[in-house]
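>>> Can you look at this prediction? I've put the sequence above it.
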Amino acid sequence: MAKTQLQGGGVQPEDGRGFRGTTESLAEPESPSLGSQTELNGSANNAERPTDKYGFIGGAQQFSEDSAEEIPPEVLRQREVKWLEMLNSWDKWMSKKHKKVKLRCQKGIPPSLRGRVWLYLCGGKVKKEQNKDRFQDLDRQPGDPKWVDVIEKDLHRQFPFHEMFVARGGHGQQDLFRVLKAYTLYRPEEGYCQAQAPIAAVLLMHMPAEEAFWSLVQICEKYLPGYYSAGLEAIQLDGQILFALLKRVSSVAHRHLKKHKIDPILYMTEWFMCVFSRTLPWASVLRVWDTFFCEGVKIIFRVGLVLLKCMLGSQEKLKACQGQYETMELLRAIEPRYMKEGFLIREIMELPISERDIEKEHLTQLRLWKESRGELHCKSPPRMHGARAIMVAEPPSKQDLRQKPTIAVDVLPNSKNTEEERDKKKKKGKENTTSPPETANQHSSLQDNLLPGQPQPLLKDTPLQGSNQSLSSAEHDTYL
């Protein structure tokens with residue numbers, strides 16, 4: 001079976017070399033515009049350049065002023081309080097109010113709590129509690145020299161303009177090495193795949209190494225089983241599923257790709273294996289990951305289908321790409337307007353592709369695979385479609401879900417509003433059509449019960465007591 005490797009934004013088949021055991025396939029091509037390796041990793045030039053709120057020096061990937069949505073601090077504060085309430089009763093929310101959890105993930109998880117919520121959604125918190133000191137044991141072991149050597153060569157290629165990974169041998173690169181090495185020891189039959197490096201790097205931007213390790217384990221075993229195994233059979237199978245679903249979403253794009261014999265593995269490998277972390281503007285990456293952790297792999301399929309439909313979904317667009325080369329070039333340079341946070345999230349939420357659709361097509365493509373190629377060499381466990389499926393399959397105990405340290409939310413008692421005040425609020429709500437969805441529609445009971453002039457609910461034992469500031473810094477995305 002031919003292996004594949006990424007060159008720039010696409011995938012090129014190459015006999016004998018693929019994602020596994022190589023050091024080049026996920027690396028960006030050398031470019032004078034990026035500067036030397038000294039500039040990429042810790043030079044004085046980087047120290048003088050501004051760092052954006054995501055931690056990227058000189059601006060996040062694909063960044064522009066209108067690529068991200070700005071959330072008012074007061075709305076962010078309200079969302080933080082709601083998420084803290086949910087985390088304190090996580091099992092009840094997931095079992096009885098899962099739709100509300102899903103809606104709040106779709107609106108975006110507050111930056112200050114994103115890492116903690118991801119850990120709960122993917123089941124990494126439970127895995128960590130049920131395997132106490134396991135990461136530390138793996139961390140103390142030297143690791144297989146075969147994988148250690150490849151991992152070390154890949155470290156400086158992961159988000160070299162992010163403040164965590166800009167310095168060679170810095171704490172970010174050290175933690176990335178620890179997480180990836182630990183996984184090769186945890187799953188020696190799988191070893192290391194290059195596409196795991198950007199996944200682990202994104203996790204480390206939001207949580208400590210041990211939590212990032214267990215989140216990586218959950219992604220590899222529950223969300224995307226088989227993606228990082230030898231042969232890349234799972235990703236090839238999902239490529240065929242994506243192509244089949246595209247026929248339903250955009251027959252024009254489907255016909256064009258079929259006409260020019262463009263195999264899905266050529267354009268979707270990096271998208272899926274890296275969960276779009278190397279493709280989209282960073283604000284969009286974070287929103288996609290929020291919904292991916294909650295709803296599972298269908299989100300990745302939806303993003304891929306939206307991008308293919310937007311780029312190849314009309315005859316007008318296809319005039320510029322009359323062959324395979326032109327089409328691949330077009331897919332390597334997705335138009336920024338289609339990757340904007342607001343547009344992309346709205347499109348993927350409206351796309352009618354469900355878990356059932358994916359599983360039905362999976363069975364069809366698996367049958368076709370066996371007829372043409374025989375049995376799969378890598379037997380992967382069935383994937384879990386999101387946080388609820390994982391929780392049902394592996395019910396946690398109360399102890400497993402306990403927050404350490406626990407953050408208590410002190411909600412003020414209900415206040416009685418006068419009828420006049422309620423009418424004013426109702427009238428104001430009708431007039432203010434541009435109000436944020438969080439305050440305009442869902443979960444507004446907390447605010448409705450506060451009289452004008454009353455303080456916001458305060459969080460116990462935090463430096464924000466008595467302050468109007470949000471738990472989330474307006475400048476930096478960080479974890480608690």
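Arrived safely.
>>> going forward, measure contacts and count neighbours with C-alpha atoms only.
Fine.
>>> Correct me if wrong: residue 365 contacts residue 236.
No. When contacts are counted by C-alpha atoms under 8 Å, residue 365 is not listed as touching residue 236 (10.2 Å).
>>> And residue 287, how far from residue 342?
Residue 287 is 9 Å from residue 342, where distance means C-alpha to C-alpha, to the nearest Å.
>>> meant to ask about residue 134
Relative to residue 342, and taking C-alpha to C-alpha, residue 134 is found at 40 Å.
>>> higher neighbour count, these two?
More neighbours surround residue 342 than the other of residue 134 and residue 342, with 17 against 14 (other C-alpha atoms under 10 Å).
>>> pLDDT wise, what is residue 173 at?
Here the pLDDT value assigned to residue 173 is 96.
>>> Oops, could you answer that again for residue 62 instead?
Value for residue 62, per-residue pLDDT: 67.
>>> before we move on, what about residue 402?
At residue 402, pLDDT is 82.
>>> Check residue 446 too.
For residue 446, the predicted pLDDT is 39.
>>> can you check the one 10 residues further on too?
Each residue has a pLDDT score; the one for residue 456 is 44.
>>> ok so residue 291 is a helix residue?
Yes. Judged by DSSP: H, G, I helix; E, B strand; the rest coil, residue 291 forms part of a helix.
>>> For it, list the residues it contacts.
Taking C-alpha atoms under 8 Å, 6 or more residues apart in numbering, we find residue 291 in contact with 102, 105, 106, 299.
>>> swap the cut-off to 7 Å and go again
105, 106, 299 (C-alpha atoms under 7 Å, 6 or more residues apart in numbering).
>>> Show me what the helix or strand hosting residue 301 is in contact with.
Assigned by DSSP states H and E, residue 301 belongs to helix 298-312. Among residues not part of helix 298-312, those counted as contacts by C-alpha under 7 Å, 6+ apart are 242, 246, 250, 253, 272, 275, 291-292, 317-318, 338, 347-348, 351, 353-355.
>>> what's the answer for stretch 229-247, then?
Contacts to stretch 229-247, defined as C-alpha under 7 Å, 6+ apart, come from residues 20, 190, 226-227, 254, 264-265, 268-269, 301, 305, 361-362, 365.
>>> Quick one, grab the pLDDT at the residue nearest to residue 147 when sequence neighbours are not counted.
For residue 147, ignoring the flanking residues on the chain, the nearest one in space by C-alpha to C-alpha, 6 or more residues apart in numbering is residue 192 at 6.4 Å. pLDDT recorded at residue 192 is 96.
>>> my guess is residue 192 contacts residue 186, does it?
No. Assessed by C-alpha atoms under 7 Å, residue 192 is found out of contact with residue 186, at 10.7 Å.
>>> So between the two, which is more surrounded?
residue 192 (28 against 15).
>>> distance of that one from residue 185?
Taking C-alpha to C-alpha as the measure, residue 192 falls 10 Å from residue 185.
>>> tell me the contacts of residue 315?
Contacts for residue 315 (C-alpha under 7 Å, 6+ apart) come out as none.
>>> and the gap between it and residue 293?
Per C-alpha to C-alpha, residue 315 is found 35 Å from residue 293.
>>> Show the buried residues in the contacts of helix 298-312.
Applying a neighbour-count criterion of 16 or more other C-alpha atoms under 10 Å, the buried members of those are 242, 246, 250, 253, 272, 275, 291-292, 318, 338, 347-348, 353-355.
>>> quick one: least confident of those residues?
residue 318 (88).
>>> backbone phi and psi for that one, please?
Torsion angles at residue 318 (phi, psi; degrees, to the nearest 10) stand at phi -80, psi -10.
>>> the helices in the stretch 201-350 of the chain, which residues?
209-218, 233-249, 251-259, 265-273, 282-295, 298-312, 315-318, 324-332, 336-339, 341-350 (DSSP state H, counting those that start in this stretch).
>>> ranking those helices by mean pLDDT, which is last?
helix 315-318 (a mean of 87).
>>> gap between it and the chain center?
From the chain centre to the centre of helix 315-318 is a distance of 31 Å (C-alpha atoms, centre = their mean, to the nearest Å).
>>> Please tell me how far the spatially most central residue of the chain sits from residue 272.
When C-alpha atoms, centre = their mean is applied to the chain, the residue found nearest the centroid is residue 289 (2.3 Å). Separation of residue 289 from residue 272 (C-alpha to C-alpha): 12 Å.
>>> quick one: the strands in the stretch 301-450 of the chain?
409-410 (DSSP state E, counting those that start in this stretch).
>>> contacting residues for residue 213?
Counting by C-alpha under 7 Å, 6+ apart, residue 213 has contacts residue 179.
>>> Residue ranges in the stretch 351-480 of the chain under the pLDDT threshold?
For the stretch 351-480 of the chain, residues meeting the criterion pLDDT under 70 lie at 405-480.
>>> if we can go back for a sec, going by distance to residue 141, which of the buried ones among the contacts of helix 298-312 wins?
For the buried ones among the contacts of helix 298-312, the minimum distance to residue 141 (C-alpha to C-alpha) is 29.3 Å, reached by residue 275.
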